[in-house]
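Colleague: Sharing a model prediction with you, sequence too.
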Amino acid sequence: MAVEAGRMRSKEGDWQRNSRGREFKERVIKFLLTACAYLSIFTTIGIVVVLFEETVRFFLDVSIVEFLTSTRWAPNTGDFGVLPLVYGTLMATFIAIAVALPIGLLTAIYLSEYAPRRLRQYLKPALEILAGVPTVVYGYFALTFITPFLGNNLFSDIDSFNAISAGLIMGVMIIPTVASVSEDAIYAVPRSLREGAYALGATKRETATKIVVPAALSGIVAAVILGISRAIGETMIVTIAMGSQANFGGTPLESMQAMTAYIVQVVGGETPRGSAVFGSIFAVGSALFLMTLALNLASYWFVRRFREIY
Amino acid sequence: MTQSERTREEQRLTGVSRDRREGRRDAGRPPAGDNGTLGMKIQDLSAFYGGFKAVTDVSMDIRANKVTALIGPSGCGKSTYIRCLNRMHEVIPGARAEGSVTLGDQDIYAKGSDPVVIRRRVGMVFQKPNPFSKSIYENVAWGARINGFRGDVDELVERSLRQAALWDEVKDRLKESGYGLSGGQQQRLCIARTLAVEPEVILMDEPASALDPVSTQKIEDTMAELKKSYTVVIVTHNMQQAARISDYTGFFYIVNMGDPGRLWEFDETEKIFSNPERKETEDYVTGRFG
């Protein structure tokens, strides 16, 4: 359409904004959005309240001091010392992080600093898809592949359920999380910082490891803590591959039970509701919740404390 | 007639583009009678981003222990050019340069020449202050350490900070983060960091453009000090700054949009600002365009 000669503005009447009922629509939208936001918050609060309520009921029967300090966990005989379960969870988590931290971080450095741009474009989403493998698959992979492999090649006295295969495979599971989140942090370090290092005669390796990674430290720590949280809360792998025998002080080659695996065992069994054993899952659940909460708070604190303003 | 119309008209009449005829001339030769020592010699340097040629055929003799300013309108290749002088240009994916840049008796673009070594000898200060996420002390000491400095680091840090006119402001907070400093202080920290590796030449890409007038003044004072022991090349958009601080000035110009930038005129600063040879230079330095 041709522009009319001499016309600098639109015609009278070209602009007709419908403002009828505007106020009302704005209010409805605001209400809907607010309601959705509060729904998720209140649901979470509700769950936590129920969890703590049941926990308190459990501690009316069982001493909280015994729960937190005893190293014997045998619910059927009334021994409720949670430490063996915590030990199992931490053992698997520790092994997992020992795998995921170095591999995840090096992957992130490679993707951000060394990989050709095109390759990064494909590798990054592929990595994130890897995070979507169902954990139950990882679990029986650990049980039917890793454990026999380790038994045949390295440790002949390995238990058929053991912490090391569960931990190793859990490490593989969280590599994508650690790699992807820390890659985001590393990639976000501005190019000007890298150029500053190059301009001093730094090599690519010196720039990547001594300038870029330290500048992305808060994001990397957040990634690792996220990985630890996932490992602590992970259920299927430890249930399938690590065993169901509480074991305090055992070696990684032995069978042991994680907190989550215990909860699965009780819920899936025939334990009567209202019994002390049934109540114990809420106490264990609370302990698990507090552990991950503490980690998330630590992560939040760390990110705020050490975030760099470029 | 506008500048580009005039150029095109002339091109039509003569059949030869004006820059082809005159662009290179003897633009880069040092002025007659000049007997300063040579800091860097640039010959027929062209810079590319992928298939796009951003700068073409620049030849320039840079005098040692002098300040050489590069001026010109935006997008005419000054920054690209200066980044070629310490092989920083090629850090950008797809970017490359052709031609020769001689530093001492070495062509930094010769086969086998190591950019890591070159960048230590030709330091660079960037437009936006870019301190590392380290303490003030470590910001200065880091470059020296990775380059194998075995002397007294404390002394080197103090000397570099003093040369950058920052020592008095930071001497009591050397362990604090470099990010806690003001923009002008950060830029002087970056200058100190560059000085700490003791380069022969310092390149500055609009080092004061993001700073307030007081900080700019401090940076300019620093530069006057620096040229006693360093060769300085500075890109600036600020013509008063070029006139105040530089001994030589190169004017970069681009004839038509999409053409590569060229070194249009290069001479003693006084000559460029008072009596330039070319019309475009005069128009630019008198503020008629750009």
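Modeller: Noted; the coordinates are in hand.
Colleague: Just confirm A:G285 contacts A:L51, I think it does.
Modeller: Yes: assessed by C-beta atoms under 8 Å, A:G285 is found in contact with A:L51 at 5.7 Å. All C-beta spots, glycine's among them, are computed from the backbone N, C-alpha and C.
Colleague: near chain A, which residues of the stretch 101-250 of chain B show up?
Modeller: B:116-117, B:119-121, B:123-124, B:126, B:128, B:130-134, B:142-143, B:146-147, B:179, B:190, B:193-194, B:197 (C-beta under 8 Å from any C-beta of the partner chain).
Colleague: What subset of those residues is buried?
Modeller: B:116, B:119-121, B:123-124, B:126, B:128, B:130-134, B:142-143, B:146-147, B:179, B:190, B:193-194, B:197 (16 or more other C-beta atoms under 10 Å in any protein chain shown).
Colleague: Now the residue in the stretch 151-300 of chain A positioned nearest to chain B. Nearest residue, chain neighbours left out?
Modeller: Chain B sits closest to A:G201 of the stretch 151-300 of chain A, with a gap of 3.1 Å, by C-beta to the nearest C-beta. Spatially, and ignoring its direct neighbours in sequence, A:G201 is nearest to B:R120 (3.1 Å; C-beta to C-beta, 6 or more residues apart in numbering or on different chains).
Colleague: Is the one you found part of a helix or strand, or is it coil?
Modeller: B:R120 carries the three-state label helix when classified by DSSP: H, G, I helix; E, B strand; the rest coil.
Colleague: quick one: contacts for it?
Modeller: Contact analysis of B:R120 by C-beta atoms under 8 Å, 6 or more residues apart in numbering or on different chains lists A:200-201, B:147, B:197, B:199.
Colleague: Show me the two of the residues you listed that sit farthest apart.
Modeller: Farthest apart among the contacts of B:R120 by C-beta to C-beta are B:N147 and B:P199. That separation is 10.2 Å.
Colleague: quick one on the thing from earlier: any idea which of the contacts of B:R120 is the one closest to A:K124?
Modeller: A:L200 (29.8 Å).
Colleague: Check for me that the closest one belongs to a helix.
Modeller: No: A:L200 is assigned coil when assessed by three-state DSSP, not a helix.
Colleague: My guess is it contacts B:F149. True?
Modeller: No: here A:L200 does not reach B:F149: they are 11.4 Å apart, not a contact under C-beta under 8 Å.
Colleague: hey, what's in contact with both of these two?
Modeller: Contacts common to A:L200 and B:F149, judged by C-beta under 8 Å, 6+ apart, are B:V197.
Colleague: Of all the residues in the stretch 1-150 of chain B, which one is nearest chain A?
Modeller: Of all residues in the stretch 1-150 of chain B, B:R120 sits closest to chain A, at 3.1 Å by C-beta to the nearest C-beta.
Colleague: now stretch B:107-122: how far from the chain's centre is it?
Modeller: 17 Å (C-alpha atoms, centre = their mean, to the nearest Å).
Colleague: What mean pLDDT does it get?
Modeller: On average, the pLDDT along stretch B:107-122 is 92.
Colleague: likewise stretch B:65-80?
Modeller: Here stretch B:65-80 scores 91 as its mean pLDDT.
Colleague: Check whether it comes near chain A.
Modeller: No: applying C-beta under 8 Å from any C-beta, one finds stretch B:65-80 out of contact with chain A, separated by at least 11.9 Å.
Colleague: For the stretch 201-310 of chain A, which residues are neighbours of chain B?
Modeller: So the stretch 201-310 of chain A meets chain B at A:201-203, A:206, A:210-211, A:214-215, A:217, A:308-309 (C-beta under 8 Å from any C-beta).
Colleague: And the one helix or strand A:V178 maps to, what's buried?
Modeller: In this assignment (DSSP states H and E), A:V178 forms part of helix A:163-187. Neighbour counts over helix A:163-187 (16+ other C-beta under 10 Å) mark A:163-187 as buried.
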